[in-house]
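S.K.: What follows is a protein structure lacking sequence information:
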């Protein structure tokens with residue numbers, strides 16, 4: 001089956017803004033079994049939507065599973081989904097070869113907690129495998145230049161969509 005015949009994986013992405021207008025980014029842990037290929041690039045929290053799950057609830061769940069954060073409030077939701085295709089060499093090995101890439105619902109959230117709430121070493125109260133090796137707050141406009149090449153168009157679009165929120 002050609003990659004173009006495969007569907008997109010339904011997902012969410014979270015642009016979490018702190019009080020200074022910076023967004024949370026994490027450096028991906030280099031895991032050899034990662035669905036999107038190995039690498040230690042930066043990205044914002046994101047993940048799959050479970051069958052029947054509301055995208056906003058999925059965003060809150062993914063944020064907690066990846067960062068332990070629960071103190072977040074909705075600022076706005078992107079009006080449309082944003083898609084990316086995996087590089088051809090990853091299509092057959094990622095997500096069991098079932099998807100060509102991701103179709104993401106993006107949310108801008110305001111972080112209401114303090115940095116000590118963030119725990120990437122034992123995310124989700126230690127219930128989930130760490131996905132990030134380090135994290136920091138960054139200007140949204142800088143994030144597209146820090147992500148893996150095949151995700152850059154998504155991050156360019158997210159940076160434009162939420163440009164009026166960040167500092």
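M.R.: Okay, I see it. Quick caveat, the model's predicted, so the values are computed rather than measured.
S.K.: Report the next helix or strand after the helix or strand bottoming out on mean pLDDT in the chain in sequence order.
M.R.: None of the helices or strands of the chain scores lower by mean pLDDT, DSSP states H and E than helix 88-91, at a mean of 66. Counting by DSSP states H and E, the next helix or strand C-terminal to helix 88-91 is strand 101-111.
S.K.: tell me the mean pLDDT for that following strand?
M.R.: For strand 101-111, mean pLDDT rounds to 96.
S.K.: now stretch 5-22
M.R.: Across stretch 5-22, the average pLDDT comes to 94.
S.K.: buried stuff in that stretch?
M.R.: 6, 8-18, 22 (16 or more other CB atoms under 10 Å). Heads up, the C-betas are built off the backbone N, CA and C, glycines and all.
S.K.: Of those, which pair is most distant in space?
M.R.: The most widely separated members of the buried residues of stretch 5-22, counting by CB to CB, are 6 and 18 (36.9 Å).
S.K.: thinking residue 108 is in contact with residue 159, fair?
M.R.: No. At 11.2 Å, residue 108 does not count as touching residue 159 under the criterion of CB atoms under 8 Å.
S.K.: So the two - more neighbours on which side?
M.R.: The neighbour count for residue 108 versus residue 159, taken as other CB atoms under 10 Å, is higher for residue 108 (22 against 19).
S.K.: contacting residues for the more buried one?
M.R.: 15, 17, 74, 75, 76, 77, 78, 161, 162, 165 (CB atoms under 8 Å, 6 or more residues apart in numbering).
S.K.: Could you rerun that using 10 Å?
M.R.: Residue 108 is in contact with 13-17, 23, 74-78, 140, 158, 161-162, 164-166, counting by CB atoms under 10 Å, 6 or more residues apart in numbering.
S.K.: Just these: which are in strands?
M.R.: Using DSSP state E, the subset of the contacts of residue 108 located in strands is 13, 14, 15, 16, 17, 23, 74, 75, 76, 77.
S.K.: so what's the last one bridging to?
M.R.: It refers to residue 77. In this entry, residue 77 is beta-bridged to residue 107, by DSSP bridges.
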